[in-house]
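**Q** coordinates only, sequence not included:
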């Protein structure tokens, strides 16, 4: 039977260090944590009850850090939260909602006071290197829903948004479209280097170049007037546009009416593909072909990854969900 002493000898650390990695009672450097967890995995050390449960220090609470910033679409956030809450309940854990405005000092206080056992952090910025370094130094583990550019030492789960953007183009190009527009997230989302927005647009643009398709991409704000103006701008700038990819759920709700206002009927004059929740795409008239945004699934995976860390196991550093396109009435064959 493998013991903590065996793990300590294998990792080249003191047994107390292994205990601290398992319990989170003291801050341990990211390098040492990684070495200890690698030894745990290599030796197959699986305590029947997690160390924090055994000594009574587990709080039974996960801190969920939510973004409440310009351009955040709350219905989508709610779906992430639903997936996390449902999964946490299966593990006997509660969720403590914390806003991103609370900042990392608040997370550190919560971790050090044993108010939470770990954190789920939503919507990390791609270039937030300083914040990412502080996350690595927290005494409690964390899982990011989304991924920064430099994810070393972090655990992340995300949809492959680059592949999602590319899949939209490939579907439309296979149908014969040669000029495709892209309506993206609000400008504030791009300014703060939010990963999902930049990656989806990058995947769209790269696929358009690969397929020899003319592509026009614009950001769009959430109100109806802004959606109408963006649609008018796109159609007037590129009258040959026969298809549109929309990666903005707030804008999506009025897109068919806005296209109709500029003389384009869906799907008679223009095909539409969305990156959004299936239920939203299905409610549209006509129902939209879409790449599914698996918000609840991402929330579930995030909790499962965090629980693996709390149980002393080493989860994969990145879980990247493949995009799934469902074809509906908005992309007919005749193109």
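**A** Alright, I've got the coordinates. What you are looking at is a predicted structure, and each value in this text was computed from that prediction instead of being measured.
**Q** Show me where this protein dips below the pLDDT cut-off.
**A** 1, 23-26, 46-58, 69-71, 100-114, 125-139, 151, 335 (pLDDT under 70).
**Q** who's in contact with the spatially most central residue of it?
**A** The residue lying closest to the centre of the chain (C-alpha atoms, centre = their mean) is residue 146, at 3.4 Å. Counting by C-beta atoms under 8 Å, 6 or more residues apart in numbering, residue 146 touches 122-124, 156, 158, 194-196. Where you see a C-beta, it was placed from the backbone N, CA and C, and this is true even at glycine.
**Q** all strands for the chain, in order.
**A** With strands called from DSSP state E, the chain shows them at 61-66, 94-99, 118-122, 142-145, 155-159, 179-184, 214-219, 243-246, 271-276, 289-292, 318-321, 325-326.
**Q** out of the ones you listed, which comes closest to residue 332?
**A** strand 271-276 (7.0 Å; C-beta to C-beta).
**Q** List the strands paired with the closest one, with their directions.
**A** strand 243-246 (parallel), strand 289-292 (parallel) (DSSP bridges).
**Q** Take these and lay them out in JSON lines including distance to residue 188.
**A** Shown next, in JSON lines, are the strands paired with strand 271-276 (distance: least, C-beta to C-beta, whole Å):
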{"stretch": "strand 243-246", "distance to residue 188": "18"}
{"stretch": "strand 289-292", "distance to residue 188": "23"}
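**Q** Go through those strands and pick out the most buried.
**A** Ranked by mean neighbour count under mean count of other C-beta atoms under 10 Å, the strands paired with strand 271-276 are led by strand 243-246, which reaches a mean of 26.
**Q** Next, the residues that contact it from outside, please.
**A** Outside strand 243-246, the residues touching it (C-beta under 8 Å, 6+ apart) are 165, 168-169, 172, 175, 177, 179-183, 204, 234, 252, 255, 259, 270-276, 331, 335.
**Q** repeat that with 7 Å
**A** 168, 172, 177, 180-183, 204, 252, 255, 270-274 (C-beta atoms under 7 Å, 6 or more residues apart in numbering).
**Q** before we move on, back to that, any idea which of the strands paired with strand 271-276 gets closest to residue 85?
**A** strand 289-292 (20.4 Å).
**Q** hang on, the earlier thing: in the contacts of residue 146, find the pair that's most separated.
**A** So, these by C-beta to C-beta: farthest apart are 156 and 194, at 14.0 Å.
**Q** So for stretch 317-326, what gets flagged as buried?
**A** Residues 319, 321, 323, 325 are the ones in stretch 317-326 that count as buried (16 or more other C-beta atoms under 10 Å).
**Q** From residue 304, how far out is the first one?
**A** Residue 319 sits 9 Å away from residue 304 when distances are taken as C-beta to C-beta, to the nearest Å.
**Q** again, but for the second one
**A** Relative to residue 304, residue 321 is positioned 13 Å away (C-beta to C-beta).
**Q** Tell me, how many residues neighbour residue 95?
**A** By other C-beta atoms under 10 Å, the residues close to residue 95 number 19.
**Q** which ones are touching it?
**A** 62, 64, 84-85, 88.
**Q** 8 Å - rerun?
**A** Going by C-beta under 8 Å, 6+ apart, residue 95 touches 61-64, 81, 84-85, 88.
**Q** Would you mind measuring from it to residue 66?
**A** For residue 95, the distance to residue 66 - C-beta to C-beta - is 10 Å.
**Q** Spell out which residues are contacts of both of the two.
**A** residue 81.
**Q** on that earlier part again, ok, which of the strands paired with strand 271-276 comes nearest residue 76?
**A** strand 289-292 (12.4 Å).
**Q** circling back: and the contacts of strand 243-246, which two are the farthest apart?
**A** 177 and 252, at 18.9 Å, using C-beta to C-beta across the contacts of strand 243-246.
**Q** would you turn the contacts of residue 146 into a markdown table with neighbour count and distance to residue 292?
**A** Converted to a markdown table, these look like this (neighbours: other C-beta atoms under 10 Å; distance: C-beta to C-beta, whole Å):
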| residue | neighbour count | distance to residue 292 |
| --- | --- | --- |
| 122 | 20 | 18 |
| 123 | 23 | 19 |
| 124 | 27 | 22 |
| 156 | 22 | 19 |
| 158 | 21 | 14 |
| 194 | 21 | 19 |
| 195 | 22 | 18 |
| 196 | 23 | 14 |
